[in-house]
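1. predicted model follows, preceded by the sequence.
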Amino acid sequence: MATRLLFVCLTLLLLLGLLWESQGASSSVGTDNGQSHVAFPYGSRQGSLQPAECSPRCTSRCSATAYQKPCLFYCNKCCAKCLCVPPGTYGNKQMCPCYNNWKTKRGGPKCP
């Protein structure tokens, strides 16, 4: 009886593991007209946000900086133009080209 229960439990764990792997693979890579692409987090691609969603995204983006006011000001300005905010508190700008390519007069990055 105990060996049968152990066998059933191990079989269920194996099936759950296979299901978990197949779900993870299908959510990160998809096909579109025969071309594969990587799924990006919502709001990290240009034009994927609504203007009302900029403020919470920028609050999250600027949460780790000591310069909250300027970070929030420029992040909201960039989000209003690009309608995207890169994920995380630093980096990942390659996910939002508009956000990445907007420069100051001196050539530095405009968006935090």
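-> Perfect, I can see it now.
2. quick one, helices of the chain?
-> Secondary structure of the chain by DSSP state H: the helices cover 2-28, 54-61, 68-82, 97-101.
3. what are the buried residues along stretch 49-56?
-> For stretch 49-56, the neighbour count (16 or more other C-beta atoms under 10 Å) marks 49, 53-54 as buried. Where you see a C-beta, it was placed from the backbone N, CA and C, and this is true even at glycine.
4. lowest-confidence one in the residues you listed?
-> Least confident of the buried residues of stretch 49-56 in the model: residue 49, at 85.
5. where does this structure have low pLDDT?
-> Where the chain drops to pLDDT under 70, the residues are 6-45.
6. surely residue 95 meets residue 86?
-> Yes. Using C-beta atoms under 8 Å, residue 95 is in contact with residue 86, at 5.2 Å.
7. coming back round to it: and which of the buried residues of stretch 49-56 is nearest to residue 61?
-> Nearest to residue 61 out of those is residue 54 (C-beta to C-beta; 9.9 Å).
8. who's in contact with the closest one?
-> 75-76, 79-80, 83, 85 (C-beta atoms under 8 Å, 6 or more residues apart in numbering).
9. most neighbours among the residues you listed, which one is it?
-> Highest neighbour count within the contacts of residue 54: residue 85, with 30 neighbours (other C-beta atoms under 10 Å).
10. pull the contacting residues for it.
-> Contacts of residue 85 by C-beta under 8 Å, 6+ apart are 43-44, 49, 54, 57-58, 60-61, 75, 78-79, 96, 99.
11. which of residue 95 and residue 86 has more neighbours?
-> residue 86 (25 against 19).
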